[in-house]
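Peer 1: based on what follows, work out the 3D shape:
(one chain, ligands or ions: 1)
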Amino acid sequence: MPEGDTIFRAATVLRRALAGRTVTELTLIAPKTSLAASRRTVVGGTVKAVESNGKHLLITFTTDGEDVVLHTHMKMTGMWHVYRPGERWWHAPSKARVVVRTDAYVAVCFTPPIVELFAAGEAALHPLLPALGPDVIADGIGNEYKNEVLFLTSVWPWTKVRDLDDRTLETILVTARDLMRRNRDGGARRTRFVLDRSQRVWVQERTDRPCYRCGTPIERGYHPGEFRKSWYCPSCQKAPRTEAATPA
Ligand SMILES: [Zn+2]
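Peer 2: Residues are numbered from 1 along each chain as shown. The predicted model follows:
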């Protein structure tokens, strides 16, 4: 029975074999495919990321539009194998539910109970994935959510992901998912739930206006090589003491 650490090792092997390579075949038997994902063509794209989370294994593919995520859950029976092209498989091909083929390797998932394909933007709303890996979730969080979530979690926008402890990272992901769920019915996006609907966000595009928590004027800053800006409260979201750099 595969445990989380087994899946983790499988993810490492799959990542080494597949990451960055062009997909020449993607065969899925009876997958659950979201409408957004069904509109994307994976073959011809590349394998962008391979991550595991408990018994969930996630492979992200680049496409001509939004990235697509393949989710397999191993439960008791599923297993991923990696073969060279032409190599004989350990199990009958009829037991394969997923085949990801590149020029160099063939990755096969035998008898996983769950095979799903969804667009990266839908990952954060997925009911089964308690806390997706940061690579996947980052694709699903727009800039406004990013700014609002970092305010709500008191994280300085220039903090590197590797400098966040696990607990903070999880809080960020859970907060983002919660906000996206609360906004899934459409309408003006809200991250702040007060009676006055003109006060629907905490920091986004509120340059020089007072922070709703502490009154400090909200600031705007830039990230090198990125057009997306950050709005933040310099009092509520202080830079870590070890971080000497200041936003441009
Ligand atoms: Zn503040």
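Peer 1: what's the first-to-last distance across stretch 12-30?
Peer 2: Start to finish, the residues bounding stretch 12-30 are 26 Å apart (CA to CA, to the nearest Å).
Peer 1: buried residues, it. List them.
Peer 2: By neighbour count on 16 or more other CB atoms under 10 Å, the buried set for stretch 12-30 is 14-15, 17-18, 23, 26, 28. Where you see a C-beta, it was placed from the backbone N, CA and C, and this is true even at glycine.
Peer 1: which two among the residues you listed are spaced furthest apart?
Peer 2: Farthest pair in these (CB to CB) is Arg15 and Leu28. Separation: 19.7 Å.
Peer 1: rebuild the buried residues of stretch 12-30 as TSV, extending it with pLDDT, secondary structure and distance to the ion.
Peer 2: Formatted as TSV, these follow (pLDDT from 0 to 100; DSSP: H, G, I helix; E, B strand; the rest coil; distance: CB to the ion, whole Å):
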residue	pLDDT	secondary structure	distance to the ion
Leu14	93	helix	43
Arg15	93	helix	40
Ala17	95	helix	47
Leu18	96	helix	44
Val23	97	coil	46
Leu26	97	strand	47
Leu28	96	strand	47
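Peer 1: let me see the contact set for Leu164.
Peer 2: 155, 172 (CB atoms under 8 Å, 6 or more residues apart in numbering).
Peer 1: phi first, then psi, for it.
Peer 2: phi -90, psi 140 (degrees, to the nearest 10).
Peer 1: model confidence for it, exactly?
Peer 2: Leu164 is assigned 82 on the pLDDT scale.
Peer 1: equivalent analysis for the one 4 residues further on, please.
Peer 2: At Thr168, the model reports a pLDDT of 87.
Peer 1: report the contact partners of it.
Peer 2: 153, 155.
Peer 1: 13 is where my numbering starts, stick with that
Peer 2: Sure thing, new numbering starts at 13, so read that last one as Thr180.
Peer 1: can I assume it sits in a strand?
Peer 2: No: with DSSP: H, G, I helix; E, B strand; the rest coil as the criterion, Thr180 is assigned helix and is not in a strand.
Peer 1: quick one, domains of the chain?
Peer 2: As recorded under automatic domain parsing, the domains making up the chain are 16-140, 153-244.
Peer 1: near the ion, anything from the shortest one?
Peer 2: It refers to domain 153-244. Yes: using CB under 5 Å from the ion, domain 153-244 reaches the ion at 223, 225-226, 228.
Peer 1: could you identify the buried members of the residues you listed?
Peer 2: Applying 16+ other CB under 10 Å to these flags Cys223 as buried.
Peer 1: which two in the residues of domain 153-244 next to the ion are spaced the farthest apart?
Peer 2: Arg225 and Thr228 (8.5 Å).
Peer 1: identify the contacts common to these two.
Peer 2: Joint contacts of Arg225 and Thr228 (CB under 8 Å, 6+ apart) are 245, 248.
Peer 1: could you pull out the buried residues of the helix or strand containing Leu162?
Peer 2: Element membership for Leu162 (DSSP states H and E) is helix 155-164. The neighbour-count check on helix 155-164 (16+ other CB under 10 Å) flags 156-164 as buried.
Peer 1: what do you get for stretch 50-62?
Peer 2: Those would be 52, 54, 57-62, for stretch 50-62 by 16+ other CB under 10 Å.
Peer 1: what about Thr89, neighbour count?
Peer 2: 12 (other CB atoms under 10 Å).
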